[in-house]
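Engineer: Any chance you can model this:
(one chain, ligands or ions: 1)
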Amino acid sequence: MRLWQNPASPFARKVRMVIRETGLTARVEEIATAVSPVSPNADLAKYNPLVKIPALQTDGGDVLYDSSVICEYLDTQHAVTRIVPDGAARWNALRLQSLCDGILDASVLCRYETAVRPEQYRWNDWVQGQFGKIRNGLDALAAEAPAWGAQFNIGQIGAACVLGYLDFRFADENWRGSRPQLAQWYESVKTRASMVATAPV
Ligand SMILES: N[C@@H](CCC(=O)N[C@@H](CS)C(=O)NCC(=O)O)C(=O)O
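Structural biologist: Below is the predicted model of the structure:
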């Protein structure tokens, strides 16, 4: 399999963590890929019409996107504990993944707005609106983190990617300040091998 990815991308990190948590590392070639919404990557555009990472080419030649679909596919390729659980736990894990993807969507848009968009076109109210979604989402994560225990399914992997991305791109945000339960949970997972190997650069 081939994965188009970038070590700064939190969505690609989610996939890269799943690869490592499920022992698929030797089966996936990771292709370092630069992306920008204003300068589409011509090679990636041949495989993903949205020109976004992550994208995964299966051994059969199909190309899958986005990160949630790729993670579900990878979960069919290994024989260890399911990353997207079956039964009653499935819907809660998928809901949590959606919450984390939403926080990441808002965070990546804020990153583009504050780092890519020319200064004279920036719209502070819009950025603040996105930060409102990020903060509400973090409050929701903080409320449920104490119940996670040792679980580390697609929901917790998403949460780890959210917190790692905020530390990487928005270190001034101080998300830990009013959310000690979430900070405590993050401390307990951030030394996992899959986290260390995929730390954003
Ligand atoms: N919903 C997508 C989001 C992927 C995404 O936003 N990727 C960013 C990098 S973190 C990207 O490729 N941006 C390039 C662009 O917007 O053109 C997923 O879950 O994979």
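
Engineer: For the rest of this, base every contact and every neighbour count on C-alpha atoms.
Structural biologist: Fine.

Engineer: Could you pull out the buried residues of stretch 175-183?
Structural biologist: 175, 181-183 (16 or more other Cα atoms under 10 Å).

Engineer: next one: stretch 3-23
Structural biologist: Buried, per 16+ other Cα under 10 Å, within stretch 3-23: 3-22.

Engineer: Out of the residues you listed, which sit inside helices?
Structural biologist: Among these, the members falling in helices are 10-21 (criterion: DSSP state H).

Engineer: ok, and of these, which contact the ligand?
Structural biologist: Restricting these to those touching the ligand (Cα under 6 Å from any ligand atom) yields 10-11.

Engineer: Of the ones in helices among the buried residues of stretch 3-23, which is the nearest to Gly164?
Structural biologist: Pro10 (8.0 Å; Cα to Cα).

Engineer: ok, now which ones touch the closest one?
Structural biologist: Listed by Cα atoms under 8 Å, 6 or more residues apart in numbering, the contact set of Pro10 reads 104, 161-162, 165, 200.

Engineer: circling back to that earlier point, would a markdown table of the ones in helices among the buried residues of stretch 3-23 with distance to Val69 be doable?
Structural biologist: Converted to a markdown table, these look like this (distance: Cα to Cα, whole Å):
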| residue | distance to Val69 |
| --- | --- |
| Pro10 | 15 |
| Phe11 | 12 |
| Ala12 | 12 |
| Arg13 | 14 |
| Lys14 | 11 |
| Val15 | 10 |
| Arg16 | 13 |
| Met17 | 14 |
| Val18 | 12 |
| Ile19 | 13 |
| Arg20 | 17 |
| Glu21 | 17 |
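
Engineer: Dump the ones in helices among the buried residues of stretch 3-23 to CSV, plus pLDDT.
Structural biologist: Listed next are these as CSV, based on pLDDT from 0 to 100:
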residue, pLDDT
Pro10, 98
Phe11, 98
Ala12, 98
Arg13, 99
Lys14, 98
Val15, 99
Arg16, 98
Met17, 98
Val18, 98
Ile19, 98
Arg20, 98
Glu21, 98
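
Engineer: near the ligand, which residues of this structure?
Structural biologist: 9-11, 35-37, 51-54, 66-68.

Engineer: could you pull out the strands for the protein?
Structural biologist: 2-5, 29-32, 55-57, 63-64 (DSSP state E).

Engineer: Return the distance of the first one from the chain's centre.
Structural biologist: Averaging C-alpha coordinates over strand 2-5 and over its chain gives two centres that are 14 Å apart (Cα atoms, centre = their mean, to the nearest Å).

Engineer: Which strands or helices does it pack on?
Structural biologist: Other elements packing on strand 2-5 under the criterion 3 or more Cα pairs under 8 Å, 6 or more residues apart in numbering; DSSP states H and E are strand 29-32, strand 55-57.

Engineer: most packed of these?
Structural biologist: strand 55-57 (a mean of 24; mean count of other Cα atoms under 10 Å).

Engineer: Which elements pack onto that one?
Structural biologist: Counting by 3+ Cα pairs under 8 Å, 6+ apart, strand 55-57 packs on strand 2-5, strand 63-64, helix 67-74.
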